[in-house]
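# with the sequence up front, the predicted model follows.
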Amino acid sequence: MSLNKDMQALIDSIRLPVLFFLPDKLVEDESDDIKQQLEDIGFIKQLFFLDKDNRVSNYKEGIDDYAILEKQKLLKSNIFQLLELKSKLDSKSFDYLLTNYNNELKSWLWSSQWLSDNAKHQVKGYSKVMQSTLKTQKNALRDHQLELIRQFPKLIRFINEEESKETINNRLKAYNSKVKKLGSNTNNYNNNNRVLLTEADADKYLLKTVFNIKQ
C-alpha cells in the first residue's frame, strides 16, 4: 500500500465502523408528506451501521454492538501507525497529516456526542442497549483523542484554538454534511434479513429529496 493510501486509510478508520442516524433537521424544510414517506421507508428515525468496508445496513442489536466495542482497539492501533509515519515523513508532511487526522477525529467525536444525546428523541425503537453502544462509540473516540494529545502534545494548542472558533450550529452543519456522504454508500447496503433501502427507485428518491437539500 502506498504512503498516501496508508494516510487516507488512517483518516477513514476514525469513523469506521460507526452507528449513525440522519438528523431530523436535515429534512426540516420538506413537506410533512415527504417527511412521512422518508420515515415510512426507514430513512429517518432509523439507526444505521456502517461497517469497516463502508457497507451500510440497519442497526442490528448484538452484532453491531460488538463491532463498536472493538472500535477502541482499532483506534489504538492508529497511534502506532502514526508514530511509524512520523519516522518516515518530514516534519511538514507529518504535521499536515496530523492536522487532517485531528480535524476528522474532532468532527466525529462531536458527532458521536450529538448522536448519543439525541438518539432517544430521534430514533424509532430506541433502547438502553442502543444508548449504551452509542456511548461506547463516543468514549472510544474521546479516549483516542486524549491518547493522541499525550503522544503529540502540539495538538493541545491546535485543539484549544479551533474549539474557540467553532459553534454548535457549525458542528451540526458539518455532521449533516458527513451523513450525506455516508448516504452515498447506500449502493453497498447489505440486505441480510433486514428491511433495506436499496431498490433503485428508493435510492434515486432519497438522493434527490435528502442529499441535495439546499442548506
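Nice, I can see it.
# quick one: low-confidence parts of this protein?
1-3, 155-215 (pLDDT under 70).
# how about Leu141, phi and psi?
Dihedral pair for Leu141: phi -70, psi -40, per degrees, to the nearest 10.
# check contacts around it.
When the contact criterion is Cβ atoms under 8 Å, 6 or more residues apart in numbering, the partners of Leu141 are Ile14, Lys71, Leu75, Leu105, Trp108, Leu109, Ser112. C-beta here means a position set from N, CA and C on the backbone, and glycine is covered the same way.
# please name the nearest non-neighbouring residue to it.
Leu109 (4.4 Å; Cβ to Cβ, 6 or more residues apart in numbering).
# show residues contacting stretch 127-136.
19, 47, 59, 61, 64-65, 68-69, 71, 112, 115-116, 119-120, 123.
# quick one: which of these sit in helices?
Among the contacts of stretch 127-136, the members found in helices (DSSP state H) are Asp64, Asp65, Ile68, Leu69, Lys71, Ser112, Leu115, Ser116, Ala119, Lys120.
# gap between the fourth one and Leu148?
In this structure, Leu69 and Leu148 are separated by 20 Å, where distance is defined by Cβ to Cβ, to the nearest Å.
# neighbour count: the two, which is higher?
Leu148 (20 against 13; other Cβ atoms under 10 Å).
# my guess is the more buried one meets Ile79, correct?
Yes: using Cβ atoms under 8 Å, Leu148 is in contact with Ile79, at 7.0 Å.
# which residue ranges of the chain form helices?
3-12, 32-40, 63-69, 71-88, 91-122, 128-151, 154-165, 168-183, 200-206.
# other SSEs contacting the fifth one?
Under the contact definition 3 or more Cβ pairs under 8 Å, 6 or more residues apart in numbering; DSSP states H and E, helix 91-122 sits against helix 3-12, strand 18-20, helix 71-88, helix 128-151, helix 154-165, helix 168-183.
# how far off centre is it?
Chain-centre distance of helix 91-122: 8 Å, with Cα atoms, centre = their mean, to the nearest Å.
# buried residues, it. List them.
For helix 91-122, the neighbour count (16 or more other Cβ atoms under 10 Å) marks 94, 97-98, 101-116, 118-119, 122 as buried.
# straight-line length of stretch 82-97, end to end?
One end of stretch 82-97 sits 9 Å from the other (Cα to Cα, to the nearest Å).
# what does it rub up against?
With Cβ under 8 Å, 6+ apart, stretch 82-97 has contacts from Leu3, Asp6, Met7, Leu10, Leu98, Tyr101, Leu148, Gln151, Phe152.
# tally of neighbours for the residue nearest to the fifth one when sequence neighbours are not counted?
What that stands for is Leu98. In this structure, Leu98 finds its nearest non-sequential neighbour in Phe152, 6.1 Å apart by Cβ to Cβ, 6+ apart. The tally of other residues near Phe152 (other Cβ under 10 Å) stands at 19.
# tell me how far Phe152 lies from Gln113.
22 Å.
# try Leu74
The value you get for Leu74 to Gln113, if Cβ to Cβ is used, is 19 Å.
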